[in-house]
Every structure is written in structure tokens, then in C-alpha cells.
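In: need the 3D shape of this:
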Amino acid sequence: MFSTDELLERYPRHTEPTLRVNFIASADGAATVDGKSAGLGGPGDKQIFDTLRMTCDALVVAAGTVRAENYDALRLDEPGRAWRRTQGLPEFPLMVVVSASLELDPAQLVFVDAPIRPLVVTRKGGTPPPGLADVAEIIEVGDDAVDLAAMVAGLHARGATQLLCEGGPHLLGALVAADLIDELCLTVSPVLTGGGAGRIATGPDGPPRRMALRSVLSREDMLFLRYARSR
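Out: Modelled structure (predicted):
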């Protein structure tokens, strides 16, 4: 296992506002196995996943990923909560669900078991399902699509400057297109999947965003990379 100190050194909490994304892919570029990213996991992956959640102020996830991966409430274990207390942080990060369509189930654990009332970020004019406003705060930004830059600015205004995004590919593609990503944490799983699984980012074509490799770890053939924007 990696030590907590080693992971905090490799994946630090920054003083400046940072939007960090965390994804996993197979060695041949697939983002999922049988429609879920969990099929690619392996030794060390969960440790890094938990560390990134522990150090963030807000976890941003697309509604499709919340549904497909059956997200439960964002609850950290006691060591994670204790670390946050020593840093003067709330015990739990804020959960943020991005949904243009508002196709969400208010009875899902991500909402009803949440230790902090989640945010649902959507575009203007949507109609939330019955009960969603009872379990989440609904924020409207953007007319035809969710304005991700406005979302990030709004989270910063709430004091959530360390943002972590876990998916999905359409949200990652939109964040790339909006030039909002500061760091990419990528786990490369040592499997070949073939088939028609998509890649980690899907979206409009645009200019490449140059990244710099900041950290490399490996464990039992799993590879863990951290890239930062090269500005």
C-alpha cells in the first residue's frame, strides 16, 4: 500500500484554485468495461481515489455517471474526516451533480444519505423531478447548456476552490473545451479491452491543451499519473 504521506505529497492540496479531474482507462484507451469504470480498477486505485476525495472541497460529477455507477452519499471514513479537521476543513466535501436534463432520482443515496446537502447544477428552464428540491439545492447557470465556467466561479465564491471531477466523459470533454482543467490524474489499468468502449473524454474538437507530467506511481502493473497544465 502507498502511505498517506506519500499520496499527499504526490497529490497535494493547492493554495491556488484548482480543478482536478480523476479518471481511469485501460492500456488500449477504454474508459469502461461493461459500461462501468469499476471494471478497470486494481491495486492502489481505490487508495488514490479516496485521497483525492479527502483533499477536495467539492466533488463534481455528471448525472449520467451518478446513475451508471450508482453513486452513494459522499461520506469519508474517520481517518479522512480527521485529516480534514486538522486542516481546518469541513468533515465532508460538497457533492455537486451536473445535469442539463435533471433526470435524477431524489431517492438515490447520493441525495438522501448525504451528510451535506448536495448541489445540482443545471441550465435555465429545466423542470426538476418531484422531491429533488427537497434533497438538493438546484442552481441554474447557462441557457442552452450548463455554463461550466459560471459553475466553477460560483463554487469558488462559496469557498470551494479545490474541485475534483470524477466523470463522465461528456463532462470531461466539456471541461476541456471550456479550458477549465488544471490537473489530470489518470490511472492506466494493465488490461486490453477491445470492443467499442469510449475514451475518457468526449466532446467538440478544439486545440490541444499541453500538460506537464508531475508525478508517476505504480503498483502491481497499475500506473498512476498526475499531469498539470503547462502554462
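In: hang on, residue 62 packs against residue 170?
Out: Yes - between residue 62 and residue 170 there is a contact under Cβ atoms under 8 Å: 6.4 Å. All C-beta atoms are positioned from the backbone trio N, CA, C, and that covers glycine.
In: neighbour count: the two, which is higher?
Out: Per other Cβ atoms under 10 Å, whichever of residue 62 and residue 170 has more neighbours is residue 62, with 22 against 17.
In: the protein: helices as residue ranges?
Out: 4-10, 45-55, 63-68, 78-86, 109-112, 132-135, 148-157, 169-177 (DSSP state H).
In: mean confidence score for the last one?
Out: If I follow you right, that is helix 169-177. Computed over helix 169-177, the mean pLDDT rounds to 96.
In: residues contacting it, please?
Out: If you take Cβ atoms under 8 Å, 6 or more residues apart in numbering as the criterion, helix 169-177 is touched by 19, 21, 23, 31, 60-62, 64-65, 98, 145-146, 148, 165, 181, 198-204, 206, 209.
In: can you check the third one too?
Out: Contacts with helix 63-68, where a contact means Cβ under 8 Å, 6+ apart, come from 35-36, 71, 97-99, 101-105, 108, 110, 166-168, 170-171.
In: if we can go back for a sec, can I get the helices of the chain in TSV including distance to residue 229?
Out: Formatted as TSV, the helices of the chain follow (distance: least, Cβ to Cβ, whole Å):
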stretch	distance to residue 229
helix 4-10	17
helix 45-55	17
helix 63-68	23
helix 78-86	26
helix 109-112	30
helix 132-135	35
helix 148-157	14
helix 169-177	11
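In: quick one: which of those is nearest residue 185?
Out: helix 45-55 (6.4 Å; Cβ to Cβ).
In: what's that closest one packed up against?
Out: When contacts are defined as 3 or more Cβ pairs under 8 Å, 6 or more residues apart in numbering; DSSP states H and E, helix 45-55 packs onto helix 4-10, strand 18-26, helix 78-86, strand 162-167, strand 183-189, strand 222-229.
In: try it again at 6 Å.
Out: On a contact count with 3 or more Cβ pairs under 6 Å, 6 or more residues apart in numbering; DSSP states H and E, helix 45-55 meets no helix or strand.
In: quick one: contacts for the closest residue to residue 150 other than its chain neighbours?
Out: Nearest residue to residue 150, sequence neighbours excluded (Cβ to Cβ, 6 or more residues apart in numbering): residue 141, at 4.1 Å. Residues in contact with residue 141 (Cβ atoms under 6 Å, 6 or more residues apart in numbering) are 147, 150, 151.
In: also residue 54?
Out: 76, 80.
In: any idea how far residue 94 lies from residue 165?
Out: 13 Å (Cβ to Cβ, to the nearest Å).
In: filter the contacts of helix 63-68 to the buried ones?
Out: Those of the contacts of helix 63-68 that meet the buried threshold are 71, 97-99, 102, 104, 108, 110, 166-168, 170-171, by 16 or more other Cβ atoms under 10 Å.
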